[in-house]
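K.L.:
what's the 3D shape of this:
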Amino acid sequence: MIAAGIRPDDQVITTPFSFVASANCILYVGAKPVFADIDPRTLNLDPDKLDPMNRARRADGDFPVVWAKQYGKGRVFNVGWGHPDATWDDPRFQKMILEGIKWAMGITQADITPKPSR
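P.N.:
Sure, this is the predicted structure:
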């Protein structure tokens, strides 16, 4: 959370259908966890189940599932997609994970500017 720039009183969307550490790391920095339901098929956060106030947090309506951030000399790569085998078996997802790990390790460079699909 610190590396992501989360500050006290920020709100972070997460799911209660997870290990307690998901919410605890949010609380640790003084932020507030905002719980959202999951899609029962994928077990991932379901943006359609967010209340309108939390859904409208970004002006472009995008709901990021991956973000990367340079933090001092370090790099943070976070993936919000979950655990279903179909996700991990998808070659596109595997490539994204591999390239993200390589970027986080400093093996390769990448443009990490947000690029909403809209």
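K.L.:
what's the first-to-last distance across stretch 70-78?
P.N.:
Start and end residues of stretch 70-78 are separated by 12 Å (CA to CA, to the nearest Å).
K.L.:
per-residue confidence averaged over it?
P.N.:
On average, the pLDDT along stretch 70-78 is 85.
K.L.:
name the residues that touch that stretch?
P.N.:
For stretch 70-78, contacts defined as CB atoms under 8 Å, 6 or more residues apart in numbering pick out 3-4, 66-69, 100-101, 103-106, 112. For glycine as for every other residue, the C-beta is placed from the backbone atoms N, C-alpha and C.
K.L.:
hey, which helix is longest across the protein?
P.N.:
helix 91-104 (DSSP state H).
K.L.:
can I get the CA coordinates of that helix in PDB?
P.N.:
Only the C-alpha atoms of helix 91-104 are listed here, as PDB (Å, rounded to 0.1, in the frame of the first residue of the first chain):
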ATOM      1  CA  PRO A  91      -1.200 -17.700 -22.800                       C
ATOM      2  CA  ARG A  92      -2.000 -14.000 -23.000                       C
ATOM      3  CA  PHE A  93      -2.200 -13.900 -19.200                       C
ATOM      4  CA  GLN A  94       1.000 -15.900 -18.800                       C
ATOM      5  CA  LYS A  95       2.800 -13.500 -21.100                       C
ATOM      6  CA  MET A  96       1.500 -10.500 -19.200                       C
ATOM      7  CA  ILE A  97       2.700 -12.000 -15.900                       C
ATOM      8  CA  LEU A  98       6.100 -12.900 -17.200                       C
ATOM      9  CA  GLU A  99       6.700  -9.500 -18.700                       C
ATOM     10  CA  GLY A 100       5.500  -7.800 -15.500                       C
ATOM     11  CA  ILE A 101       7.900  -9.900 -13.400                       C
ATOM     12  CA  LYS A 102      10.700  -9.100 -15.800                       C
ATOM     13  CA  TRP A 103       9.900  -5.400 -15.500                       C
ATOM     14  CA  ALA A 104       9.600  -5.500 -11.700                       C
END
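K.L.:
coming back round to it: what's the closest of the contacts of stretch 70-78 to K32?
P.N.:
K32 lies nearest to A4 out of the contacts of stretch 70-78, by CB to CB, at 14.6 Å.
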